[in-house]
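Trainee: Pasted the sequence and its predicted model underneath.
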Amino acid sequence: MSIRNDLSGKIIAACQEMNRSGLNQGTAGNISCRYENGMLITPSGIAYDQMEENDIVFVDNDGTYEDGKVPSSEWRFHQIIYQTRADMNAVVHNHAQFSTTLSILNKGIPAIHYMIAAAGGKDIPCVPYATYGTPELSDYVATGFTERNAILMQHHGMTAAGETLGKAIWLAEEVETLSKLYVNLLQTGLKIPTLSDEEIEVVLGKFKNYGLREKN
């Protein structure tokens, strides 16, 4: 099996798992991986359970994609994440229920739990709204990813990136868990305590050796 086919198969498997786990619904989300001088990304409008390796679309760094194939409408912000973050090799976007709930409220997630550091900082920001698939949205996403590995997108959903596809999916699951906790806390009407910036800095230091470890 070629490297491309192997990576395409992993993208499809991740999409299917994302729907099974409830992180996403239908064809709303999209997944990509850095590949050669561009990326491999899910196509537009094909159900995950019908997707085949040949359906995965290659988009080069100039935004040119294969004849006869249509990449996800969100390909621009996947591309700009790779351009912004040389350390990221996979991007996962979805409309997970609790993350999207917070995005509609235009609320980022504060340091309600030390696992916030998994996203690379003291919070998970919510970037401003722009129409899906537009360069404007890509610019907002690029800004969000300059210092974070995951963001919420106003009136849209959540995006996470990782050094590997497995780590990107893992982080997306953590973001959704934190989102659920925060939604539940907001419903109490009580003042929500958060960890200090100083404590998050300590946790960030410890997280250099923490997180998903993948076997070769």
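Mentor: It's in.
Trainee: Give me the longest helix you can find in this structure.
Mentor: Assignment by DSSP state H gives helix 165-188 as the longest helix of the chain.
Trainee: What is it packed up against?
Mentor: Under the contact definition 3 or more Cβ pairs under 8 Å, 6 or more residues apart in numbering; DSSP states H and E, helix 165-188 sits against helix 3-20, strand 30-35, strand 90-94, helix 97-104, strand 150-153, strand 157-162. All C-beta spots, glycine's among them, are computed from the backbone N, C-alpha and C.
Trainee: Ok, which of the ones you listed comes nearest Gln187?
Mentor: Relative to Gln187, the nearest member of the helices and strands packed on helix 165-188 by Cβ to Cβ is helix 97-104, separated by 10.9 Å.
Trainee: list the helices and strands the closest one packs on?
Mentor: Checked by 3+ Cβ pairs under 8 Å, 6+ apart, helix 97-104 has strand 150-153, strand 157-162, helix 165-188 packed alongside it.
Trainee: So which bits of the helix or strand following the last one are buried?
Mentor: It stands for helix 165-188. Once the chain leaves helix 165-188, the next helix or strand it forms, by DSSP states H and E, is helix 197-206. Within helix 197-206, the residues that count as buried by 16 or more other Cβ atoms under 10 Å are Ile200, Val203, Leu204.
Trainee: Next up, the contacts around Ile11.
Mentor: Neighbour list for Ile11: Ile31, Ser32, Cys33, Leu40, Ile41, Thr42, Ile56, Leu165 [criterion: Cβ atoms under 8 Å, 6 or more residues apart in numbering].
Trainee: burial count for the nearest residue to the second one once chain neighbours are set aside?
Mentor: Closest residue to Ser32 apart from its sequence neighbours, by Cβ to Cβ, 6 or more residues apart in numbering: Ile41 at 3.8 Å. When counting by other Cβ atoms under 10 Å, one arrives at 25 neighbours for Ile41.
Trainee: okay but Ile41 is in contact with Trp75, surely?
Mentor: Yes: the criterion here is Cβ atoms under 8 Å, and Ile41 meets it with Trp75 at 5.5 Å.
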